[in-house]
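Visitor: Any chance you can model this:
(one chain, ligands or ions: 1)
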Amino acid sequence: MSSAVLRTSKPALGFASLVRLAGQSNGSQAGLTRTLLGSLSSCHPLHRRSWRHYSVRMDQRTGLLFRQLFESQSSTYTYLLADAQTREAVLIDPVLETVERDARLVEDLGLNLTIADPVNTHCHADHITGTGLLKKRLPGCHSAISKDSGATADIHLKEGDRVTFGKYSLEARATPGHTDGCMTFVLNDQSMAFTGDALLIRGCGRTDFQQGCASALYESVHKKIFTLPGECLVYPAHDYTGQSVSTVDEERRLNPRLTKSLEEFVKIMNNLNLPKPKQIDVAVPANLVCGIQNDHYCADCD
Ligand SMILES: N[C@@H](CCC(=O)N[C@@H](CSS)C(=O)NCC(=O)O)C(=O)O
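Guide: Residues are numbered from 1 along each chain as shown. Alright, predicted model coming up:
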């Protein structure tokens, strides 16, 4: 099996991370979180539970730094993951309005700016990605999104690619249905999945615009997400109910839409009757070029 084909770390291209173009799983990383859970098994159950739902995770033994960040206008989650040793970092789904907060956090934590990669799970319709501005704010970082999104970016991802940061990597799984280009990013030990809008906590992304297709979404979630280990933590791009994390097992058992048959699911999705996202007309064109590159951007003037 070939491993790294497109090297995107520092050198000539100065790119942010290593994208493996082969679907090679990193067996040496498997079970890192299970190991940590094992080490906590003698704790009081309450401690175990609070660790599980802890949104700021710094695993001292494995050295994974993890932050879940929230943007309240669009109820979007941005995720920062980094290798605490090498300081290489990945930022998933940054939002324009919170670029300064995220850039400062990257700096405060001493993460290597040249390898802070803003990766988008898809071309969002409800907010403008922070990617373009982050590239200005943190020179040397690069944008990444799926090729099928149709958006321009420094790195185009496809099924099985790996975005590497230090000894960690995110496996890109194509999960179309909400949009054609949606991707779920799975941490190499399969302890965390960043599902974008494909799978939300007790919900899923709508399928009534941007190439949305309910049956494709059903297949994506069942084949690419529900097949992950039950204890795998599910981190969505949005939550509108105040929740922050779920697990594959919980969603397989309790998701009110995706526990249904395909026919029932399609009927539910075709009858959601949700209002269009308020920002859709500005967000989609901007996100097709990976966001605003002009730091004087103003929603009312531009
Ligand atoms: N009110 C918000 C948009 C809310 C919305 O439509 N969310 C999307 C994801 S962002 S395109 C969605 O798929 N929701 C699924 C659901 O069941 O709520 C706004 O105006 O921005």
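Visitor: Quick one: residues contacting the most centrally placed residue in the chain.
Guide: In the chain, the residue lying closest to the centroid (CA atoms, centre = their mean) is Phe194, at 4.0 Å. For Phe194, the contacting residues are 79, 92-93, 121, 170, 184-186, 235, 237, by CB atoms under 8 Å, 6 or more residues apart in numbering. Every residue, glycine included, has its C-beta placed from N, CA and C.
Visitor: try 7 Å this time
Guide: 79, 92, 121, 184-185, 235 (CB atoms under 7 Å, 6 or more residues apart in numbering).
Visitor: cool, Leu199 as well?
Guide: The contact partners of Leu199, by CB under 7 Å, 6+ apart, come to 221, 225, 234, 236, 251.
Visitor: Could you rerun that using 8 Å?
Guide: Taking CB under 8 Å, 6+ apart, we find Leu199 in contact with 175, 184, 205, 221, 225, 234, 236, 251, 255, 258.
Visitor: Equivalent analysis for Gln211, please.
Guide: 176, 179-180.
Visitor: can you narrow the residues you listed to ones near the ligand?
Guide: By CB under 6 Å from any ligand atom, no member of these lies near the ligand.
Visitor: Rebuild those residues as TSV, extending it with pLDDT.
Guide: What follows is the contacts of Gln211, written out as TSV (pLDDT from 0 to 100):
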residue	pLDDT
Pro176	98
Thr179	97
Asp180	95
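Visitor: Which of the residues you listed sits closest to the ligand?
Guide: Thr179 (8.6 Å; CB to the nearest ligand atom).
Visitor: Count the residues that sit near that closest one.
Guide: Neighbour count for Thr179, taken as other CB atoms under 10 Å: 30.
Visitor: what does the chain put close to the ligand?
Guide: Proximity of the chain to the ligand (CB under 6 Å from any ligand atom) is limited to residues 74, 125-126, 197, 203, 205-206, 238, 274, 277-279.
Visitor: quick one on the thing from earlier: tell me the one among the contacts of Gln211 nearest to Lys135.
Guide: Lowest distance from Lys135 to the contacts of Gln211 (CB to CB) belongs to Thr179, with 22.2 Å.
Visitor: thinking again about what came up before, roughly how far does the residue lying closest to the residue nearest to the centre of the chain once chain neighbours are set aside sit from Val234?
Guide: Spatially, and ignoring its direct neighbours in sequence, Phe194 is nearest to Phe185 (4.4 Å; CB to CB, 6 or more residues apart in numbering). The gap separating Phe185 from Val234 is 12 Å, by CB to CB, to the nearest Å.
Visitor: of the two, who's got more company?
Guide: Taking other CB under 10 Å, Phe185 and Val234 do not tie; Phe185 has more neighbours (27 against 22).
Visitor: The more buried one contacts Ala172, correct?
Guide: Yes - contact status for Phe185 versus Ala172: in contact at 6.1 Å, counting by CB atoms under 8 Å.
Visitor: For these two, list the residues in contact with both.
Guide: Val163.
Visitor: re earlier: can you add distance to Asp108 and secondary structure and give the contacts of Gln211 back as TSV?
Guide: Converted to TSV, the contacts of Gln211 look like this (distance: CB to CB, whole Å; DSSP: H, G, I helix; E, B strand; the rest coil):
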residue	distance to Asp108	secondary structure
Pro176	36	coil
Thr179	33	coil
Asp180	37	coil
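Visitor: before we move on, back to that, look up how far Ile128 lies from the residue nearest to the centre of the chain.
Guide: On the measure of CB to CB, Phe194 and Ile128 end up 19 Å apart.
Visitor: now swap in Arg173 and tell me
Guide: 25 Å.
Visitor: That'll do, ta.
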